[in-house]
Every structure is written in structure tokens, then in C-alpha cells.
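K.L.:
Structure for this input, please:
(one chain, ligands or ions: 2)
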Amino acid sequence: MTSARQIAPPTTLITVAPTGAESSKADVPALPVTLDELVSTARDAEAIGAAVIHVHIRDDETRPTLDLARLTETVAALRESTSLIVQLSTGGAVSDPEENRLRVLEAGPDAASCSMGTVNFGRDVFLNRWDFIVELHNRMRDAEVVPEYEIFDLGQLTTLQRLLDKHGPPYGEHVHVDLVMGVPGGMPGTAHALVAALGLMPEGATFAATGVGRTSLPVMLAALSAGGHLRVGMEDTLSYAPGEPVRDNTQLVARAVGLAKIAQRPPMGIAEARALLGVRPLAANA
Ligand code: KMH
Ligand code: ZN
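P.N.:
Ligands and ions are numbered 1, 2, ... in the order given. So this is what the prediction gives:
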């Protein structure tokens with residue numbers, strides 16, 4: 001198994017994070033907020049090389065929601081129309097209560113995010129208490145859902161190591177981390193910060209990185225050269241270039257695919273991604 005400390009893997013796992021919870025449809029009309037828009041985005045992303053979709057959903061008024069019935073319907077629709085690994089956000093919006101965030105697992109996703117600590121999030125606070133982290137980690141293992149450990153700052157990698165030491169490995173046994181860089185309040189989206197993070201990675205872990213806002217490109221380039229995987233999408237990036245709004249998620253996935261190919265680490269296929277992450281076989285989801 002390739003770890004963050006070993007030679008770069010031959011392929012790149014690409015995750016699309018198309019929606020997030022922070023942008024409004026009124027401000028960003030291209031944001032996929034309905035189920036149809038999400039499924040169509042997922043199909044396009046799969047067709048050009050994504051293997052995982054990180055999902056936040058919206059209600060009928062396009063506001064972020066963790067409504068369980070809607071999440072369950074979303075998982076089913078994405079499975080029906082794509083082969084992507086469906087990763088639900090348990091982070092939700094900064095205002096979501098812990099109990100609702102834990103219940104996300106009941107929607108039966110392949111994978112889910114699991115954030116490793118509290119971080120200032122612009123003018124808000126994204127709260128992740130230690131006891132909540134432990135509860136989420138344990139419930140994921142019971143539900144056979146593969147975590148992606150979200151890291152917003154370097155100390156959160158120490159928390160991840162403590163979690164694994166005290167509570168054991170996740171379902172699937174493999175540890176996969178996403179470095180979410182450039183959040184106002186978290187670690188910067190720079191090559192220096194990425195290299196510092198690698199020194200704190202648990203043994204055997206793989207990692208992806210995503211750079212928020214204008215850190216998207218430097219983080220992608222640093223991650224590729226350091227043997228990492230990529231997460232891209234309108235959850236994190238709304239400008240394609242200075243003064244040029246992102247057209248849609250496909251544009252961001254296509255750029256990530258292009259850079260991965262230039263790095264001679266083309267997109268990882270979905271079967272390979274499922275094996276790497278230790279996701280349940282598809283039949284077990286039926
Ligand atoms: N929306 C952020 C407050 C996750 O998906 O797990 C949290 C977030 C992380 O997006
Ligand atoms: Zn998210």
C-alpha cells in the first residue's frame with residue numbers, strides 16, 4: 001500500500017465536491033443544488049475521471065440540509081446513475097447540530113467525511129469536539145462507512161493519530177486523509193504547509209488535498225508532486241482564474257484531470273479507488 005511517505009502512486013484519486021454548504025444559489029447560479037443538478041454533475045465528473053463525490057445537499061429553498069430522507073434519496077439516485085463512491089458530508093453547515101451530523105450515516109453512504117478538530121471558519125466556528133469525533137469514528141466503523149479524515153490545521157493530524165491509537169483503525173482498515181487548505185482560520189494553502197502536514201501523517205495513510213479559493217492551483221500542484229490525490233469542486237473554488245468565475249464543476253474536474261495527466265499520474269479508476277479506500281463491495285449496499 002502506498003503511503004504519504006513513499007514514492008508517488010501511479011494514479012490520482014480525484015474527488016469532486018460540487019456544492020458545499022457555504023455558497024448560495026443566488027450568488028452562484030451554477031452551483032448544483034437540486035437532485036437533478038447533482039446527478040448530472042456527478043455523471044459528468046465520472047465521465048472525465050472522478051472516482052468519488054463528496055456530497056452536501058440543499059432543501060427546496062436551496063438552503064443546506066441534513067434531512068435524512070433527502071440524503072437517503074440522494075445516495076440512491078447517485079448509485080442509480082453513476083458508479084462513483086458516494087461520500088456524504090458529516091460536516092454539514094457550521095450551524096448543524098451534532099446529532100443530525102451523526103445521523104447522516106443512516107443514509108447508507110459508501111464513505112463520509114470525519115473532521116478532526118475545531119477550526120475558525122471565516123467569521124464562523126466549525127465545531128468538532130473530541131467526544132464527537134470519537135463517536136463519529138466509532139459509529140462509522142459500526143455502519144461500515146469509510147471515513148475520509150478532514151484536516152483543516154496541522155494539530156488535527158495529531159488528533160487523528162490519537163484517535164487511531166485509542167480507538168483503532170476505521171472500517172476498511174485504511175486511513176485516508178483530506179487536507180483542506182486555505183480556509184480562513186486554518187492552515188494556509190501552500191506547498192510549505194502541505195510538506196509540514198506530510199511529516200505528521202499516520203503510517204500507511206494516503207492523502208488528498210484541496211485548496212480553498214485561490215489556493216486551489218498551488219495546492220493541486222504541490223499535492224501531485226508529493227504523491228497526493230486531489231479534491232476539487234465548487235464547494236471550495238468559485239474562481240477559475242482571477243476575475244473569471246468557475247463555469248461549472250466539470251471545468252474544475254477537467255483541470256485536475258489534465259494536471260494529473262501532466263504529472264503522469266492519470267485518474268484512478270473507480271474499482272481501484274474502492275480497493276484503495278476499503279469501501280464495501282457494491283453488492284453489500286443493495
Ligand atoms: N461546511 C463546512 C462547515 C465536511 O464536509 O465534512 C464543513 C465541511 C466539512 O464542509
Ligand atoms: Zn464538505
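
K.L.:
Just the closest residue of the chain to ligand 1, please.
P.N.:
Using C-beta to the nearest ligand atom, the closest approach of the chain to ligand 1 is made by residue 91 at 2.4 Å. (Glycine included, C-beta is placed from N, CA and C.)

K.L.:
show me where the chain has strands.
P.N.:
For the chain, the strands defined by DSSP state E occupy 14-16, 52-55, 57-58, 64-65, 85-88, 111-115, 119-121, 124-126, 146-151, 176-181, 206-211, 229-232, 239-241, 244-245.

K.L.:
between those, which one is nearest to residue 162?
P.N.:
Among these, the nearest to residue 162 by C-beta to C-beta is strand 146-151 (12.1 Å).

K.L.:
ok so, going back, could the strands of the chain be laid out in a markdown table, adding mean neighbour count and mean pLDDT?
P.N.:
Shown next, in a markdown table, are the strands of the chain (neighbours: other C-beta atoms under 10 Å; pLDDT from 0 to 100):
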| stretch | mean neighbour count | mean pLDDT |
| --- | --- | --- |
| strand 14-16 | 27 | 99 |
| strand 52-55 | 29 | 99 |
| strand 57-58 | 23 | 98 |
| strand 64-65 | 20 | 98 |
| strand 85-88 | 25 | 98 |
| strand 111-115 | 25 | 99 |
| strand 119-121 | 18 | 98 |
| strand 124-126 | 16 | 98 |
| strand 146-151 | 26 | 98 |
| strand 176-181 | 27 | 98 |
| strand 206-211 | 26 | 98 |
| strand 229-232 | 30 | 98 |
| strand 239-241 | 12 | 98 |
| strand 244-245 | 10 | 98 |
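
K.L.:
Bridged to the residue lying closest to residue 55 once chain neighbours are set aside, which residues?
P.N.:
Leaving aside its sequence neighbours, residue 55 sits nearest to residue 88 (C-beta to C-beta, 6 or more residues apart in numbering; 5.2 Å). On the basis of DSSP bridges, residue 88 is bridged to residue 55, residue 112.

K.L.:
Residue 245 now?
P.N.:
Residues in a beta bridge with residue 245, per DSSP bridges, are residue 239.

K.L.:
List the contacts of it.
P.N.:
Contact analysis of residue 245 by C-beta atoms under 8 Å, 6 or more residues apart in numbering lists 28, 30, 238-239.

K.L.:
Most neighbours among those residues, which one?
P.N.:
Highest neighbour count within the contacts of residue 245, by other C-beta atoms under 10 Å: residue 238, with 19 neighbours.

K.L.:
quick one: that one and residue 23 touch, right?
P.N.:
Yes: between residue 238 and residue 23 there is a contact under C-beta atoms under 8 Å: 6.6 Å.

K.L.:
where do the contact lists of these two overlap?
P.N.:
Counting by C-beta under 8 Å, 6+ apart, nothing touches both residue 238 and residue 23.

K.L.:
Do a quick rundown of the helices in the stretch 51-200 of the chain.
P.N.:
For the stretch 51-200 of the chain, helices defined by DSSP state H, counting those that start in this stretch occupy the ranges 68-81, 98-103, 130-143, 155-167, 191-198.

K.L.:
could the ones you listed go into TSV alongside distance to residue 174 and mean pLDDT?
P.N.:
Output for the helices of the stretch 51-200 of the chain, formatted as TSV (distance: least, C-beta to C-beta, whole Å; pLDDT from 0 to 100):
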stretch	distance to residue 174	mean pLDDT
helix 68-81	21	98
helix 98-103	22	98
helix 130-143	13	98
helix 155-167	11	98
helix 191-198	17	98
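
K.L.:
Adding mean neighbour count, write those helices out as JSON lines.
P.N.:
Shown next, in JSON lines, are the helices of the stretch 51-200 of the chain (neighbours: other C-beta atoms under 10 Å):
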{"stretch": "helix 68-81", "mean neighbour count": "16"}
{"stretch": "helix 98-103", "mean neighbour count": "16"}
{"stretch": "helix 130-143", "mean neighbour count": "16"}
{"stretch": "helix 155-167", "mean neighbour count": "17"}
{"stretch": "helix 191-198", "mean neighbour count": "18"}
